[in-house]
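Q: Just to be clear, the model below is a prediction. Sequence and coordinates:
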Amino acid sequence: MRLAIIGKPQSGKTSVFRILAEKETSAAGGRQLGTADVPDPRVDTLSGMFHPRKTTRARVEYAEAERREAKGGALEVPEALRTADALLAVLGLFAAPDAAGLEALARAELGEVLAETLVSDQVQLESRLEKLHRAAKVGKKPENPHEPALLERCVAALGRGEPLRAVALEAEDERALRGYQLLSRKPLLVLLNVSEAHLAAGHALEGRLSAGPASAALALSAQVEAEVAALAPEERPAFLELMGLTEPSRHRLIHASYDLLGLHSFFTIGKDEVRAWTVRKGATALEAAGEIHTDLARGFIRAEVITYERLMEAGSLAHAREKGWLRLEGKEYVVHDGDILNIRFSV
């Protein structure tokens with residue numbers, strides 16, 4: 001799952017990308033890709049219990065794309081934005097004169113950033129509508145007869161300044177729009193990049209800065225996060241306590257990214273590997289099996305399940321079996337966050 005980082009020049013996008021990315025790679029078009037492990041102490045505990053040869057954590061991918069202008073001065077939308085599952089909008093608020101002016105500056109900058117996504121979507125859909133209207137004049141019907149009305153509804157919403165993530169759509173319409181990869185339809189995480197002096201005010205603003213449905217906001221100071229990263233691991237807890245933080249804001253940001261995408265983790269355990277797997281919330285045991293390997297889904301028989309909490313209470317897998325706490329579930333079982341699964345299958 002990937003989030004694309006957007007924001008105005010000098011907002012701190014590159015600093016945020018480097019804070020997040022544990023591994024960076026370059027791609028075509030000046031795009032930078034970075035991956036981040038999802039912090040999860042449960043993985044550490046399970047690894048300590050089973051001493052596996054390999055420990056694998058859930059991951060989130062971030063993309064930073066260069067901002068380019070096409071002909072006529074219009075902003076060109078990089079592929080990294082179109083193909084992303086969600087957007088991470090960085091607001092550069094570290095130059096705010098005081099905490100009182102922070103909210104006004106944040107709302108103004110967020111409005112500018114979001115306006116670009118609305119205009120991009122509007123131009124794209126109006127162009128498609130124009131083609132459909134030209135085709136209709138010569139008697140050619142669209143493959144989807146509902147498409148023109150759907151696009152006109154979306155264009156009207158965009159014209160009112162309403163992002164498409166706020167437009168309620170039927171499942172059929174949602175599928176019809178998916179191929180357009182519309183920016184304002186994607187879930188949005190708003191990041192308030194503030195100075196160290198305004199960090200507390202930034203946290204207080206998180207709940208008030210609403211960008212509509214399928215969105216969330218949180219604050220960090222890229223400067224503070226860089227200082228945390230530069231410290232030795234044993235020195236970080238004292239520094240975080242001094243700053244009034246319980247964990248690095250980087251961890252909060254990764255968790256917020258994971259939650260925004262509607263994801264959670266289940267685990268597989270053993271001597272070979274302890275691994276956190278990513279599935280959407282509401283996924284079934286059959287879907288979870290498919291995440292591990294297609295053969296497990298194809299030959300699915302049952303899923304042996306125990307919750308992480310139950311395993312910790314038992315103290316070992318053997319004791320959990322003795323207590324009868326491992327249960328067998330069918331393919332329609334809905335996997336919960338922290339479930340430990342062993343898939344029984346035959347192919």
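A: Sure thing, it's come through.

Q: hang on, isn't Leu158 packed against Gln124?
A: No - the pair Leu158 / Gln124 is not scored as a contact, 9.9 Å apart, by CB atoms under 8 Å. (Glycine included, C-beta is placed from N, CA and C.)

Q: neighbour-wise, which of these two wins?
A: Set Leu158 next to Gln124 and count neighbours by other CB atoms under 10 Å: Leu158 wins out with 24 against 19.

Q: ok but that one is inside a helix, no?
A: Yes - assessed with DSSP: H, G, I helix; E, B strand; the rest coil, Leu158 lies in a helix.

Q: What is the neighbour count of Arg165?
A: A count of nearby residues for Arg165, using other CB under 10 Å, gives 21.

Q: Then Val119?
A: Neighbours of Val119 (other CB under 10 Å): 15.

Q: From Leu158, how far out is it?
A: Using CB to CB, to the nearest Å, one obtains 8 Å as the distance from Val119 to Leu158.

Q: And Arg321, by the same measure?
A: Distance from Arg321 to Leu158, by CB to CB: 57 Å.

Q: Tell me the secondary structure of the residue nearest to the spatial centre of the chain, please.
A: Geometric centre of the chain, nearest residue: Ser257, 3.6 Å, by CA atoms, centre = their mean. Three-state assignment for Ser257 (three-state DSSP): helix.

Q: Can you show me the CA trace of stretch 227-234 as PDB?
A: C-alpha atoms of stretch 227-234 as PDB (Å, rounded to 0.1, in the frame of the first residue of the first chain):
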ATOM      1  CA  GLU A 227      17.000  15.200  16.200                       C
ATOM      2  CA  VAL A 228      15.400  12.000  17.600                       C
ATOM      3  CA  ALA A 229      16.700   9.900  14.700                       C
ATOM      4  CA  ALA A 230      20.200  11.300  15.300                       C
ATOM      5  CA  LEU A 231      20.200  10.100  19.000                       C
ATOM      6  CA  ALA A 232      21.500   6.800  20.200                       C
ATOM      7  CA  PRO A 233      18.500   4.400  20.900                       C
ATOM      8  CA  GLU A 234      19.100   4.500  24.700                       C
END
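
Q: Identify each buried residue in it, please.
A: Using 16 or more other CB atoms under 10 Å as the test for burial, stretch 227-234 gives Val228.
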